[in-house]
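A.B. asks: Prediction below, plus the sequence it came from.
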Amino acid sequence: MLRSCAPRLRTLGALRGLTGGARPAVGDAGPALLIPQGFSANGVTGSIRLEIPSIRDWTESWSKEIRLLFDQFMKKCEDGSWKRVPSYRYISPQDSKPTKEEGQMSRARIFSRSYDDGLGFEFVMFHNDVEKRTVCFFQGGPHLQGPSGLLHGGALATMIDVTGGVTAVMTGEFVMTANLNINFKRPIPLGSVIVINSQIDKVEGRKFFVSCDVQSVDEKTLYSNATGLFISLDPEKK
Ligand SMILES: CCCCCCCCCC(=O)SCCNC(=O)CCNC(=O)[C@H](O)C(C)(C)COP(=O)(O)OP(=O)(O)OC[C@H]1O[C@@H](n2cnc3c(N)ncnc32)[C@H](O)[C@@H]1OP(=O)(O)O
């Protein structure tokens, strides 16, 4: 069976359609987002309509530093050069009679949004279409500890993956991560705000080569750099 591209395109439409605008309260209804279920290299047996019930954004748990960065970039959105990337807390099935598998899906949470406010991944992203660049402001909460007082490397890898993936997705293709190489150069204090800059270096057919660097807000410390390969799904493949 051919993969259905339509839901994926609607997903991208929802992602790309949102610009700056007013700061939403936590729990505000977001736009519907339709995605294919179980997309993978092993094939998709069908797609289901999923609805996004809530958008996740600014919270009281943000430090003053990340709020300032948020406000600065919201201003940059006013002339349309930057867009705030919408972020969702969870996805739930829309069907009124879910199958057993879809019932399980209703309990699914987007990993990077699966923690209670302030405890895990607190972040916001902005994308610049012309520069093919995404910037993510990330504050790692106390449940993301690795070594004592420091951010877990896997938590940083998650944020690099999501930021790089969004950078590719914002070009209009739905992608999966094929490869990620990360150099961890300096440990990141837990709770500090860091800036992840991601850009597309090259596109070859379905392959998006992305690079990222992770810095302190004052740009004095390079915590990490990374490259990633994101591949858009081939609709002809099972
Ligand atoms: C809502 C928006 C959210 C956006 C953010 C998302 C962030 C989160 C992203 C994830 O967590 S994704 C989940 C983790 N990733 C996966 O589970 C991916 C698992 N792997 C796959 O599903 C497939 O391998 C993949 C879709 C990536 C590629 O399969 P294909 O069958 O489409 O690729 P194919 O084998 O045809 O190869 C296409 C090209 O890519 C190359 N390629 C494939 N895998 C590669 C690899 N790993 N390294 C280097 N090159 C690779 C391959 O050589 C070839 O190059 P050429 O066109 O030049 O010949």
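C.D. replies: Sure, I can see it. Numbers count the residues shown, from 1 in each chain.
A.B. asks: ranges for the strands of the protein?
C.D. replies: For the chain, applying DSSP state E gives strands covering 50-55, 83-85, 88-93, 121-128, 133-140, 175-184, 193-204, 207-216, 222-232.
A.B. asks: For those strands, could you give me TSV that also reports mean pLDDT?
C.D. replies: Shown next, in TSV, are these (pLDDT from 0 to 100):
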stretch	mean pLDDT
strand 50-55	44
strand 83-85	90
strand 88-93	56
strand 121-128	94
strand 133-140	97
strand 175-184	97
strand 193-204	97
strand 207-216	98
strand 222-232	97
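A.B. asks: In CSV, list those strands along with distance to the ligand.
C.D. replies: In this view, the C-beta of every residue, glycine as well, is placed from N, C-alpha and C. Shown next, in CSV, are the strands of the chain (distance: least, C-beta to the nearest ligand atom, whole Å):
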stretch, distance to the ligand
strand 50-55, 10
strand 83-85, 9
strand 88-93, 8
strand 121-128, 10
strand 133-140, 10
strand 175-184, 4
strand 193-204, 6
strand 207-216, 5
strand 222-232, 4
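A.B. asks: could I get those strands as TSV with mean neighbour count?
C.D. replies: TSV is the format used below for the strands of the chain (neighbours: other C-beta atoms under 10 Å):
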stretch	mean neighbour count
strand 50-55	19
strand 83-85	22
strand 88-93	18
strand 121-128	22
strand 133-140	24
strand 175-184	15
strand 193-204	18
strand 207-216	20
strand 222-232	20
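A.B. asks: residue contacts, the nearest residue to Val162 once chain neighbours are set aside?
C.D. replies: Distances taken as C-beta to C-beta, 6 or more residues apart in numbering put Ser112 closest to Val162, at 5.4 Å, once the chain neighbours are dropped. Contacts for Ser112 (C-beta atoms under 8 Å, 6 or more residues apart in numbering) come out as Gly120, Phe121, Phe123, Thr158, Met159, Val162.
A.B. asks: From the ligand, how far off is Ser112?
C.D. replies: As judged by C-beta to the nearest ligand atom, to the nearest Å, Ser112 and the ligand stand 8 Å apart.
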